[in-house]
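Novice: Return atomic coordinates for the entry below.
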Amino acid sequence: MKAPAVNIHREKQPDWFRQSRLGIFIHWGVYSVPAYAPDKGEDIGTILSRCGSEYFYRRTPYAEWYQNSMALEGSPTDIHHREHYGSKPYSAFAEEFRQSARSADPEAWVRLFKDAGASYVVLVTKHHDGFTLFNSRVPHPRLGSYGLDFDFTGALAAACRSAGLRFGIYYSSLLDWTFTSEPIHTVSDMFLRSNISSEYVDYCRDHWLELIDRYSPDILWSDIGYPPDERLPELFRHYYERVPEGLVNDRWSALPDRLRKLNRRGLLRGDVAFNTAMNLCNARSPSYYDYRTQEYSSGKNPSGRCFELCRGIDLSFGYNKHSRAENFMSPEEVRALIERLAANNGRLLLNVGPDMHGNIPEPQARVLRGLA
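Specialist: Predicted coordinates for the structure are as follows:
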């Protein structure tokens with residue numbers, strides 16, 4: 001018997017997703033404790049096009065990259081950290097977050113999201129810092145455990161489904177800084193300094209299987225890429241059998257090995273790797289995806305394929321308590337963006353970044369209430 005296609009919705013996504021216009025992205029984690037990124041009033045696209053990736057990583061507006069930014073000597077985040085926290089390690093924030101996270105009220109979040117018109121929610125269950133928002137049954141091979149000691153992911157999933165919202169899961173597949181030691185300075189570093197050892201490949205795969213089996217997520221949202229693993233199609237088959245109307249995004253490519261080959265040939269030097277990496281990303285369609293993703297873009301869609309644009313209400317995904325008022329979208333701007341995307345076969349995945357106690361900051365909540 002012929003094996004079923006790995007992607008069953010590539011050309012025709014399930015109706016629930018095709019009819020969706022707004023989803024809510026949630027970046028909440030250890031980085032919500034320092035809650036800092038330099039705010040220069042420029043989004044990532046502007047910074048990368050004008051200044052290059054080395055400048056970007058030193059001055060990224062993404063607060064969820066705090067751990068990497070503080071490791072870049074002389075960067076604004078490094079200076080901020082030393083002024084406010086001295087030599088305090090990032091891991092110390094994890095202990096604070098474990099305690100403060102118990103204050104979060106996922107049902108209150110969901111009421112706000114539903115009133116805003118959202119039809120699905122995607123939770124970041126593990127960002128690049130490696131900390132999980134669920135009490136994983138998969139032991140960390142180096143730390144034993146590194147995450148919440150209660151099942152917040154399950155609580156949010158239950159709240160979403162009780163309110164009639166679909167629930168998806170983000171997981172940082174390629175980057176996990178608990179398995180690496182060198183900080184990222186450029187785009188090439190992001191790929192070349194990822195861990196593709198069997199130790200990490202198995203850990204990543206086992207986490208994805210756990211997330212699928214525990215939560216039956218409606219979306220699998222991988223980020224950056226996926227470590228080379230010939231078992232990936234099997235993981236997708238298992239997922240589609242368990243969630244027939246589920247979808248996977250387009251960030252599962254095993255790019256690191258291709259970049260490493262170019263690097264060994266001496267073709268990746270300095271920031272020239274930025275263009276090389278982007279060309280590799282866009283040279284052809286990824287091997288696995290049900291829909292394409294864009295990030296802080298204009299929302300143009302020349303291919304006509306089903307896509308999703310993700311962005312924050314301001315210029316960060318994680319909560320940045322130093323974000324300036326003028327960098328927040330208005331409800332009118334969000335509505336206009338939703339309409340523009342819908343006309344191009346797209347939907348908006350609008351991010352909220354709660355504070356360390358699980359409160360959605362008022363500037364963000366105000367925008368969501370304005371969409372009701």
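
Novice: what's the weakest-modelled helix or strand in the chain?
Specialist: Scoring the helices and strands of the chain by mean pLDDT, DSSP states H and E places helix 273-282 at the bottom, with a mean of 51.

Novice: ok, the next helix or strand after that one: who's next to it in the sheet?
Specialist: Counting by DSSP states H and E, the next helix or strand C-terminal to helix 273-282 is strand 292-295. Strand partners for strand 292-295, identified by DSSP bridges, are recorded as strand 307-312 (parallel).

Novice: Can you name the next helix or strand after the partner strand?
Specialist: Using DSSP H and E, the helix or strand that follows strand 307-312 in sequence is helix 331-342.

Novice: Could you list the buried residues of that following helix?
Specialist: Buried positions in helix 331-342, judged by neighbour count with 16 or more other CB atoms under 10 Å: Pro331, Val334, Arg335, Leu337, Ile338, Leu341. Any C-beta I mention is one placed from the backbone N, CA and C, and that applies to glycine too.

Novice: Which elements pack onto it?
Specialist: Counting contacts by 3 or more CB pairs under 8 Å, 6 or more residues apart in numbering; DSSP states H and E, helix 331-342 packs against strand 346-352, helix 362-371.

Novice: Val248: which of these is closest?
Specialist: Nearest of the helices and strands packed on helix 331-342 to Val248, taken as CB to CB: strand 346-352 at 14.4 Å.

Novice: relative orientation of that closest one and strand 307-312 in degrees?
Specialist: Per axes from the mean of the first three to the mean of the last three CA atoms, to 10 degrees, the angle that strand 346-352 makes with strand 307-312 is 20 degrees.

Novice: What is strand 346-352 packed up against?
Specialist: So strand 346-352, by 3+ CB pairs under 8 Å, 6+ apart, packs with strand 22-26, strand 307-312, helix 331-342.

Novice: how about the ones you listed in a markdown table, adding distance to Tyr170 and mean pLDDT?
Specialist: A markdown table is the format used below for the helices and strands packed on strand 346-352 (distance: least, CB to CB, whole Å; pLDDT from 0 to 100):
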| stretch | distance to Tyr170 | mean pLDDT |
| --- | --- | --- |
| strand 22-26 | 7 | 99 |
| strand 307-312 | 10 | 96 |
| helix 331-342 | 19 | 97 |
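
Novice: nearest to Ala63, of these?
Specialist: Checking the helices and strands packed on strand 346-352 against Ala63 by CB to CB gives strand 307-312 as the closest, at 9.4 Å.

Novice: Now distance to His207 too, for the helices and strands packed on strand 346-352, in TSV please.
Specialist: What follows is those, written out as TSV (distance: least, CB to CB, whole Å):
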stretch	distance to His207
strand 22-26	18
strand 307-312	21
helix 331-342	31
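
Novice: Can you tell me which of the ones you listed is nearest to Met356?
Specialist: Closest among the helices and strands packed on strand 346-352, using CB to CB: strand 22-26, at 13.9 Å.

Novice: buried stuff in the closest one?
Specialist: Neighbour counts over strand 22-26 (16+ other CB under 10 Å) mark Leu22, Gly23, Ile24, Phe25, Ile26 as buried.

Novice: swap in stretch 101-117?
Specialist: Residues Ala101, Ala104, Pro106, Trp109, Val110, Leu112, Phe113, Lys114, Ala116 are the ones in stretch 101-117 that count as buried (16+ other CB under 10 Å).

Novice: show me the contacts for the last one.
Specialist: By that I understand Ala116. Counting by CB atoms under 8 Å, 6 or more residues apart in numbering, Ala116 makes contact with Leu22, Ile24, Leu368, Arg369, Leu371, Ala372.

Novice: Nice, that's everything, thank you.
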